[in-house]
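Trainee: need a structure here:
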Amino acid sequence: MRPVHIIGVSLDLGGNRRGVDMGPSAFRIAGLGERLAALGMTVIDEGDLVAPIPETKSFGDPGKKYIREIARVCEKLYKTSLGVFEKGGLPLVLGGDHSLAAGSVAATADFVRREVKPLGLIWVDAHGDMNTPSSSGSGNVHGMPLASLLGPEPSELSRIGGFTPKVLPEHTVLIGIRNLDEREKEIVRASGVRVFTIKDIDRAGIAVVAEQALAIAGNGTGGVHVSFDLDVCDPAIAPGVGTPVKGGLDYREAHMLMEIVADSGLLRALDLVEVNPILDDRNMTAILGAELASSALGQKII
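Mentor: Sure thing, here's the model as predicted:
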């Protein structure tokens, strides 16, 4: 069993609601490290990568706000995560907003390239995160990280690690999508990535969707990076997120997805992002995330 290295990223620049910079602390308060240690894992906490706060910076380009600061944090995360891989560990990255995935996924992709393999990516999210500076109506970069991993924009994120793209559409899967603006719908449809909307999950069931997703992301790849935005879950079980959308995964669907990921043996790294304690109720969203991490890393019912 590989050691699990917890990397907090107190990044609060990618969205328009404050508070996700406290997400890593919320996970720790929820007992994430203790839960994993109780499963027999070696857990190493690497501490937090700290981002500047918006009050101290100008947002710069309105099409990609705070992009330079976000890129610097993602570059640090790329180097930290790559160091974890080189030590034989598994990075467990705690956010922080979802723009951090430009750094975490870059590291996983770089490491599996050394095995002459592409990376499989499963993006679990209510949103597509495939806007670019030219398509985004808000300029919020937490809606752009998947675009940067697949293609050239925003360039400040796509060039992290010195190579692009980080993942190919045929190895990329979105799960739980239910809130896209009209322009982003066009981008997602044209991208070639496989999308399982919440309607698909309703129709086929989460187990079928999870197995199909892993078959796609794991086919001929060096493993799978799972980037899990807690807003994919219904606000009834995950109220502490910046962009809640009704009709998300329920408690058992979220766990079933992570349990099937664990059973596959394909997991190389895991992100848990967008937990906002300010909007939460008694830390229940971070507690859910800690439980889901345990399921993804092998906790069994029996």
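Trainee: how about the helices in the stretch 51-200 of the chain?
Mentor: Using DSSP state H, counting those that start in this stretch, the helices of the stretch 51-200 of the chain run over 67-86, 101-113, 145-150, 155-158, 182-191, 198-204.
Trainee: ditto for the stretch 201-302 of the chain
Mentor: 206-218, 251-264, 284-296.
Trainee: Identify whichever of those helices lies nearest to E115.
Mentor: E115 sits nearest to helix 206-218 of all the helices of the stretch 201-302 of the chain, at 13.9 Å, using Cβ to Cβ. C-betas here are computed from N, CA, C, even on glycine.
Trainee: helices or strands up against that closest one?
Mentor: When contacts are defined as 3 or more Cβ pairs under 8 Å, 6 or more residues apart in numbering; DSSP states H and E, helix 206-218 packs onto strand 120-124, strand 172-177, strand 194-197, strand 224-229, helix 251-264.
Trainee: Partner strands of the third one, with direction?
Mentor: With DSSP bridges as the criterion, the sheet partners recorded for strand 194-197 are strand 172-177 (parallel).
Trainee: gap between the partner strand and the chain center?
Mentor: Distance of strand 172-177 from its chain centroid, counting by Cα atoms, centre = their mean, to the nearest Å, is 11 Å.
Trainee: Please apply the same query to stretch 13-29.
Mentor: Relative to the chain's own centre, stretch 13-29 is displaced by 14 Å; criterion: Cα atoms, centre = their mean.
Trainee: got it, and stretch 81-93?
Mentor: With Cα atoms, centre = their mean, you get 16 Å for stretch 81-93.
Trainee: thinking again about what came up before, of the helices of the stretch 51-200 of the chain, which shows the lowest average pLDDT?
Mentor: Between the helices of the stretch 51-200 of the chain, the lowest average pLDDT goes to helix 182-191, which shows a mean of 95.
Trainee: which one is A107 nearest to, not counting chain neighbours?
Mentor: Distances taken as Cβ to Cβ, 6 or more residues apart in numbering place S81 nearest to A107, at 3.5 Å, with adjacent residues excluded.
Trainee: and what of P239?
Mentor: Closest to P239 by Cβ to Cβ, 6+ apart is D281, at 5.4 Å.
Trainee: how near is the one you found to A293?
Mentor: 20 Å (Cβ to Cβ, to the nearest Å).
Trainee: So these two - more neighbours on which side?
Mentor: Taking neighbours as other Cβ atoms under 10 Å, D281 and A293 compare with A293 leading, 24 against 10.
Trainee: That one contacts R35, correct?
Mentor: Yes: using Cβ atoms under 8 Å, A293 is in contact with R35, at 7.5 Å.
Trainee: between these two, what contacts are shared?
Mentor: Listed contacts common to A293 and R35 are nil; contacts here mean Cβ atoms under 8 Å, 6 or more residues apart in numbering.
Trainee: could I get the helices of the stretch 51-200 of the chain as a markdown table with mean neighbour count and distance to L11?
Mentor: Formatted as a markdown table, these follow (neighbours: other Cβ atoms under 10 Å; distance: least, Cβ to Cβ, whole Å):
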| stretch | mean neighbour count | distance to L11 |
| --- | --- | --- |
| helix 67-86 | 21 | 5 |
| helix 101-113 | 27 | 9 |
| helix 145-150 | 28 | 11 |
| helix 155-158 | 21 | 12 |
| helix 182-191 | 15 | 22 |
| helix 198-204 | 15 | 26 |
